[in-house]
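Trainee: here is my input, please return the structure:
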Amino acid sequence: MFINMSFFNTQGKINLEQTDIRISAENGLSFKQDQVVGIYIPPSIKYFSGKDSYLQFDCLLKQDDAQGRTRLMLDSGIGGQALISQIRTYAGNRGTLLEENTQYNTYVAVKYDYSRTDTEQNKRFLTEGCGVYDPKTRGEFGSTKSLQNSYVTSQYFQTISGEPGESPNAGETREFDNDFMVKCKMTLPLHTGIFADNDKVFPNLLTDGLYIELTLAGIRNTFRQLDSVNANRRLTQNPVFFGGDNTGAKIDKDGGGSNAIYLEQTNSCVSVQNCPFVVGEFINFVEKASPYRRIKLDSPAPITGVSVEVVDGKNMIKLDVQVDTLPVASGGLDLDIESGDFWVISESLDNVETPVTGWSPSYEISNVEMVVHQITMPPSYEKSMLSAVREKGGVIEFDIPSVTCSTHSTLKSDTQAVIPLNIEFSRAKSILCVPTDATIYEPAFSCAGLGTYLQTNDKDAGAGFYEDHQLHSCRTGLEGCSNCLSAYSFFLNGKQVPSRDISTKKITSKFGGIDANFLVELEKALVSAGITVNNFTEYNRNFVVGRMLAIGENAVFDGRGRSCRLNVRYEGTTEATQPSVNMLWKNFIFHIRKMVVKGNSVSVEV
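Mentor: The predicted structure is shown next:
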């Protein structure tokens, strides 16, 4: 929003020319994890539309050759945005910091999770590398919808349907290595006040250009595994064991081996293309009945082939495995592996007996470009505008909607915690506090959700499944975890707002529930932050505590000289209702900052 810009003439119309200009990164064309990308937008691009500009690059994921195979993808909710951990934008002199977000991927996760619509997600699937709900790979046992299961048409890897051009049921015997990975073309809007979060034209010539500094994320929380092979996520989407042969024969607990595994025609397992497992992937079996025990194998069971066999007129997926790798080990689960009684899971990353450590996949982005949507104004109009500026003292002020993040750590033993919040902004809008899991996990554990924060749980394991059984987070450090929070309250300048504590006992329960007041407060905070609220499906998976400071497009709150804190209480008395992880609170303060251009200098007032 521009202010003090009365020299603009609104009585007539002018013709604007719009063009897209590609600007390459100045410090290289390809980058890997933890590196910094620098892009300079020169002042020769006098004006541009940040909302219509975007970052463009090719992304290639690479597996760790030392471990078992499995399909890998980026975060299904935010796609390529997960690769950016920090964004800093400087004026062209590279000394004046205009805005920064040190927890960029977490901010985008909140923005996307709560504003998501099916149409937007489908678009982000095509442009940003996000996941999408695909009916071709849907679950059939009451699981929640998964965006992390779109492997028939994926941006990151080829399908397993034999050589290109063969039918969807052509058998596959090639090991799923890095030759299967493909480059994904991404076009990412940058969610900052100068770019995607602002619909005003930015006068780039007045700041002597812009310098954008992007810090790429590490590998620890970057990669994701398919939900339909994962024992820790939506277990009910995994394939179901049919038999050790095409008649549905069991695998005997007393040491009977098998050369192949057949899968039931459930959970969309109807063709080689629709099989979530790949050649080289280690598999195991999880019992459906309580307490969901896992078979203990003598040795890892890698898949050597995936094919389809017609049994009684039905296409049944056949997984070839190495001979004598499936007998139950001594002291293992004392059960036969019966048809229909077991889920088939991947153990390439999730091996309980021998945890996968040192797993180190990587990614590379190349052909990095900033596509800037240039706005060209007529010379006469530009001349009259700049002349008017000089007549008014040579000062231009305009507003940037911005977000700043501060962090605070709490321990799981802190049953009463006080989180200080810095709201020293003259025009604050909203507060969003995201309590993330502060535990440092092995990359394989984080990717597969092994031992990570438990989001939802089965109400009664003996009575059957509750949606996903046990849903563990695979976005640790990226999304908020409720951690069995009982209640919270904000104190603003010594006064509690709202006047009563907000209860969260139901909404933070592992068994599901709704606290209406919590959702009302969160919705107001999101709207005040400029986030359109379309979706609450992630309310207990990406948990956020919010407080509105000012409502309305033009309303602001002066936080200068005011104290602010968040009080949180954890009052659970049982293990299931007490905090389970240490937390790093990422506190986002949404505000409007003023950029002041005077002569040859640029300054920022918050």
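Trainee: use CA for all of it now, contacts and neighbours both
Mentor: Will do.
Trainee: can you map out the helices along the stretch 401-550 of the chain?
Mentor: Assignment of helices within the stretch 401-550 of the chain using DSSP state H, counting those that start in this stretch yields the ranges 443-448, 516-528.
Trainee: dump the ones you listed to a markdown table, plus mean pLDDT and distance to L61.
Mentor: Shown next, in a markdown table, are the helices of the stretch 401-550 of the chain (pLDDT from 0 to 100; distance: least, CA to CA, whole Å):
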| stretch | mean pLDDT | distance to L61 |
| --- | --- | --- |
| helix 443-448 | 93 | 14 |
| helix 516-528 | 96 | 33 |
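Trainee: would a markdown table of the ones you listed with distance to S601 and mean neighbour count be doable?
Mentor: As requested, these are exported to a markdown table (distance: least, CA to CA, whole Å; neighbours: other CA atoms under 10 Å):
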| stretch | distance to S601 | mean neighbour count |
| --- | --- | --- |
| helix 443-448 | 45 | 26 |
| helix 516-528 | 32 | 19 |
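Trainee: how about those helices in JSON lines, adding distance to L83?
Mentor: As requested, the helices of the stretch 401-550 of the chain are exported to JSON lines (distance: least, CA to CA, whole Å):
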{"stretch": "helix 443-448", "distance to L83": "15"}
{"stretch": "helix 516-528", "distance to L83": "24"}
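Trainee: and the pLDDT at the closest residue to T144 other than its chain neighbours?
Mentor: What sits nearest to T144 in space, not counting adjacent residues and going by CA to CA, 6 or more residues apart in numbering, is E467, at 6.2 Å. E467 is assigned a pLDDT of 77 by the prediction.
Trainee: what does S6 give?
Mentor: Listed pLDDT for S6 reads 43.
Trainee: next: M377.
Mentor: 83.
Trainee: what are the contacting residues of stretch 59-71?
Mentor: Contacts with stretch 59-71, where a contact means CA atoms under 8 Å, 6 or more residues apart in numbering, come from 72-73, 156-157, 175-178, 181-186, 225-226, 277-282, 302, 346, 348-349, 359-366.
Trainee: of the residues you listed, keep whichever come out buried.
Mentor: 72-73, 156-157, 175-177, 181-186, 225-226, 277-282, 302, 346, 348-349, 359-363, 365-366 (16 or more other CA atoms under 10 Å).
Trainee: show me the residues you listed that map onto strands.
Mentor: Assigned to strands by DSSP state E, the following of those qualify: L72, M73, C184, K185, M186, Q225, S346, S362, Y363, I365, S366.
Trainee: report the contact partners of the first one.
Mentor: Each residue near L72 by CA under 8 Å, 6+ apart is listed here: L61, Q63, Y156, F223, R224, Q225, L226.
Trainee: I'd like those written out as CSV, with pLDDT added.
Mentor: As requested, the contacts of L72 are arranged in CSV below (pLDDT from 0 to 100):
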residue, pLDDT
L61, 96
Q63, 92
Y156, 95
F223, 95
R224, 95
Q225, 95
L226, 95
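Trainee: closest to T106 out of those residues?
Mentor: For T106, the nearest member of these is F223. The distance, counting by CA to CA, is 14.9 Å.
Trainee: count of neighbours near the closest one?
Mentor: 27 (other CA atoms under 10 Å).
Trainee: if we ignore the residues flanking it in sequence, what's nearest it?
Mentor: L74 (5.0 Å).
Trainee: was I right about that neighbour contacting N221?
Mentor: No - the pair L74 / N221 is not scored as a contact, 9.4 Å apart, by CA atoms under 8 Å.
Trainee: relative to Y539, which of the ones in strands among the buried ones among the contacts of stretch 59-71 is nearest.
Mentor: Comparing every one of these with Y539 (CA to CA), the shortest separation belongs to Q225, at 22.1 Å.
Trainee: not counting sequence-adjacent ones, nearest residue to the closest one?
Mentor: With CA to CA, 6+ apart as the criterion, Q225 has its nearest non-adjacent residue at 5.3 Å, and that residue is L72.
Trainee: where does pLDDT dip in the stretch 1-150 of the chain?
Mentor: Residue ranges of the stretch 1-150 of the chain with pLDDT under 70: 1-13.
Trainee: 50 - rerun?
Mentor: Within the stretch 1-150 of the chain, the segments meeting pLDDT under 50 span 1-9.
Trainee: hey, where'd the helices end up in it?
Mentor: For the stretch 1-150 of the chain, helices defined by DSSP H, counting those that start in this stretch occupy the ranges 104-115, 118-127.
Trainee: these: which one's closest to Y488?
Mentor: Put simply, out of those the one that sits nearest Y488 is helix 104-115, at 19.4 Å, with distance taken as CA to CA.
Trainee: and this protein, what are its domains?
Mentor: The record assigns the chain these domain ranges, following automatic domain parsing: 16-226+360-377, 402-438+477-597.
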